[in-house]
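In: Predicted structure and sequence below. I'll ask about it afterward.
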Amino acid sequence: MYRPQFKVDPQKCKHTGLCAASCPLRLITISEKDKLPHWVAGAEKQCLKCERCVASCPNQAISLNIIKNEEERRTNNLFTVDLQKCRREGICAAVCPLQLITFNKKDKLPTPIEKAEELCIHCGHCVTICPSGAISLKTLKPGKLSVATDGTLFYGPISLQTMKPEECAPVNTHLLPSPEQVRHLLTARRSIRAYKTQPVDRKTLSGIINTASFAPTAGNLQPVNWLVIEETVEISFLADLVIDWMRQVIKEEPEMAESMHMKLLV
């Protein structure tokens, strides 16, 4: 596996420090002796090959020799770019939280840095921010609502999908709640302590869970499976199991049971 080489032309360098400031992993330091930028120890192994240090230098004093041609760099299987739509504006690279997008020197098209597939958190910012809808991102898809053999409802598992710009719902500002409405919703929230015996139909349950599945998760992994138990008998059975467990805790760990008021609950 190749390693890049970081070089500085001392005649061109104006000691602005922009290269060090632009490095996402802070691999560049400024030497107190010659005031020139240098790589920190082990930087050749950590470098993302994004070439931001090269691009940020106003005097073209920095070179990053990468033994890899442009065609190889474009085989990354993270996102695709519509050549006809892309305007080369660089907004996708600017919004990427992990700075995984750089630009091909030859055609100025956005290109994933090496190992971007491993680092990408699938947030979709690059897709939604592109004003021309030129990027499609390979990402993860939350599981669909299914019915188990015993009749229970559940969500999962996750699968792969391609996030396309035309499939990203645009923000409808008319449907957004006002600050006063949001405040009222949060301050007026109450936990439900008493329930009706009337069962909730599956269409309503499906709609509620489908909405909840859009809640953000780390890396957009959606690592949640939903299990809906509709039978009152089953719910009572689970409640009995919990009470039996509490009785056991009261006997074996009385201090913890007392701190949690388990006797009262039993």
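Out: Looks like it arrived, so ask away. Numbering: from 1, shown residues only.

In: thought residue 101 was touching residue 119?
Out: No: if you go by CB atoms under 8 Å, residue 101 and residue 119 don't touch, sitting 11.1 Å apart. For glycine as for every other residue, the C-beta is placed from the backbone atoms N, C-alpha and C.

In: Between these two, which is the more surrounded one?
Out: Using other CB atoms under 10 Å as the criterion, residue 101 and residue 119 rank with residue 101 on top: 23 against 14.

In: and the closest residue to residue 59 other than its chain neighbours, which of the three is it?
Out: Of all residues not flanking residue 59 in the chain, residue 12 sits nearest, at 4.6 Å (CB to CB, 6 or more residues apart in numbering). What DSSP: H, G, I helix; E, B strand; the rest coil gives for residue 12 is coil.

In: wait, doesn't residue 12 sit right on residue 61?
Out: Yes: between residue 12 and residue 61 there is a contact under CB under 8 Å: 3.7 Å.

In: neighbour count winner among the two?
Out: The neighbour comparison of residue 12 against residue 61 (other CB under 10 Å) goes to residue 61, with 20 against 12.

In: continuing past the lowest-mean-pLDDT helix or strand in the chain, what's the next helix or strand?
Out: When each helix and strand of the chain is scored by mean pLDDT, DSSP states H and E, helix 70-73 comes last, with a mean of 36. Sequence-wise, the next helix or strand downstream of helix 70-73 (DSSP states H and E) is strand 79-81.

In: How many residues are close by residue 116?
Out: 21.

In: Verify the contact between it and residue 99 for me.
Out: No: checked against CB under 8 Å, the pair residue 116 and residue 99 is beyond contact range at 9.8 Å.

In: For residue 83, give me its contacts.
Out: Each residue near residue 83 by CB atoms under 8 Å, 6 or more residues apart in numbering is listed here: 107, 109.

In: now swap in the one 5 residues further on and tell me
Out: The neighbourhood of residue 88, defined by CB under 8 Å, 6+ apart, consists of 103, 108, 109.

In: What confidence value was assigned to the last one?
Out: On pLDDT, residue 109 comes in at 85.
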